[in-house]
Every structure is written in structure tokens, then in C-alpha cells.
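Enquirer: build the 3D model from these lines:
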Amino acid sequence: MQKANYITREGYLALDRELKYLWKEERPRVTQAVSDAAALGDRSENAEYIYGKRRLREIDRRVRFLTKRLEILKIVDPDPRQEGKVFFGAWVKLEDEFGELHIYRIVGADEFDPKKNWISINSPVARALIGHKIDDEISVVTPNGKTYYVIVDISYKQLDD
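Expert: All right, here's what the predicted structure looks like:
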């Protein structure tokens, strides 16, 4: 399955901020530190120099990745016609078989965050939710078997617990 190149506007702006920070602040600072360490002489045993060069490679790799990724990502803004159905960017409140409530937001693969309960559009739960309405029952195949949920609420603005 091909990874969807969708991202929320907030997610895109966060990646763009990271790119600008790495390029305009972090990289010049580390470059200066490497230059200062190199001026101290023997580079083979200079920990600051070795670490700095390694950090520069990490920064450059991330900058290349972000630059390429931002070019192909497609920002998806909520459309008023989506109201009442689950689509990309939605916050969804689910009730599981045990009566426990779960709130998830469906986001792009570049911005999913388990701590915030932001799940990737490519995840089994998100794929099962897409296109459904409040009171629909969905089933998700997990390693422990099928899990059933009922959609309790859908919003394109953050839901409260």
C-alpha cells in the first residue's frame, strides 16, 4: 500500500518550522562549534570536533528529508461538506466493547503522535473509520483479534474528553 502524502495544515507548518530552525539556527551554530574545535589542533582525538561533524551529518540528512517531503505533501483542510462523516483531519470519539471512550485524530503519517492520540491515516483504525457516521459500528482487526467500536462523536475541531 502506498503511503498517503496528506498532512494537516498544522503538521505542515510544524515540519516547515523544524526545517527553518535546523537550517537557519542549528546548522550555523554546530558549524561554528566544529570550526572552533578544529582550530584546537589534532582532530582525531577531539571529541567536540568528532561529535560536531556527526551532528552536522544528522542535520543535513534531516534537512534533505524535510525539503523533499515538504515538496510532495498535500495539505488537506477540512471541508464543510465532510461534517457528520469521518475523513482526514477528523477528531473521532469511539466507544469500545467495554464502554471505554477513546478519542483519536486522523492525521498524516508525518505527524502521527501516540501521546496526543493522533493516528495515521494509514493505520487500521483510521482506515476502518473513513466514511463512517455517528452511531456506526466498525471493527478493527488487531493482533489480539477483532475489536469493535461505535462512533460517538465526530468533529473537525478538537474534542474534549
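Enquirer: domain map for the protein?
Expert: The chain breaks down into these domains under the TED database: 6-75, 80-155.
Enquirer: what about the longest one, distance to the chain center?
Expert: In terms of CA atoms, centre = their mean, to the nearest Å, the centre of domain 80-155 is set 16 Å apart from its chain centre.
Enquirer: what segments of this protein are strands?
Expert: All strands of the chain, identified by DSSP state E, fall at 6-7, 74-75, 91-96, 101-107, 118-120, 137-142, 145-155.
Enquirer: next one: the residue of the chain positioned farthest from its centre from Y51, what distance?
Expert: No residue in the chain sits farther from the centre than G41, which is 42.5 Å out by CA atoms, centre = their mean. From G41 across to Y51, the span is 16 Å (CB to CB, to the nearest Å). Every C-beta, even on glycine, is put in place using the N, C-alpha and C of the backbone.
Enquirer: tell me the mean pLDDT for the top helix by length along the chain?
Expert: When the chain is parsed with DSSP state H, its longest helix is helix 47-72. Averaging pLDDT along helix 47-72 yields 95.
Enquirer: so what's the spatially most central residue of the chain up against?
Expert: Closest to where the C-alpha atoms of the chain average out (CA atoms, centre = their mean) is E111, at 0.9 Å. Counting by CB atoms under 8 Å, 6 or more residues apart in numbering, E111 touches 7-8, 10-11, 14-15, 118.
Enquirer: which stretches of this structure have low pLDDT?
Expert: 1-4, 161 (pLDDT under 70).
Enquirer: apply 50 and report the result again.
Expert: 1 (pLDDT under 50).
Enquirer: surely L66 and L15 touch.
Expert: Yes. Here L66 reaches L15: they are 5.9 Å apart, a contact under CB atoms under 8 Å.
Enquirer: distance-wise, check W118 relative to L129.
Expert: Distance check for W118 against L129: by CB to CB, it reads 13 Å.
Enquirer: what residues of the longest helix of the chain count as buried?
Expert: Of all the residues in helix 47-72, those buried under the rule 16 or more other CB atoms under 10 Å are 49, 52-53, 55-56, 59, 62-63, 66.
Enquirer: which strands and helices sit next to that helix?
Expert: Where contact means 3 or more CB pairs under 8 Å, 6 or more residues apart in numbering; DSSP states H and E, helix 47-72 is packed against helix 9-21, helix 27-38.
Enquirer: let's have those in JSON lines, adding mean neighbour count.
Expert: Formatted as JSON lines, the helices and strands packed on helix 47-72 follow (neighbours: other CB atoms under 10 Å):
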{"stretch": "helix 9-21", "mean neighbour count": "14"}
{"stretch": "helix 27-38", "mean neighbour count": "15"}
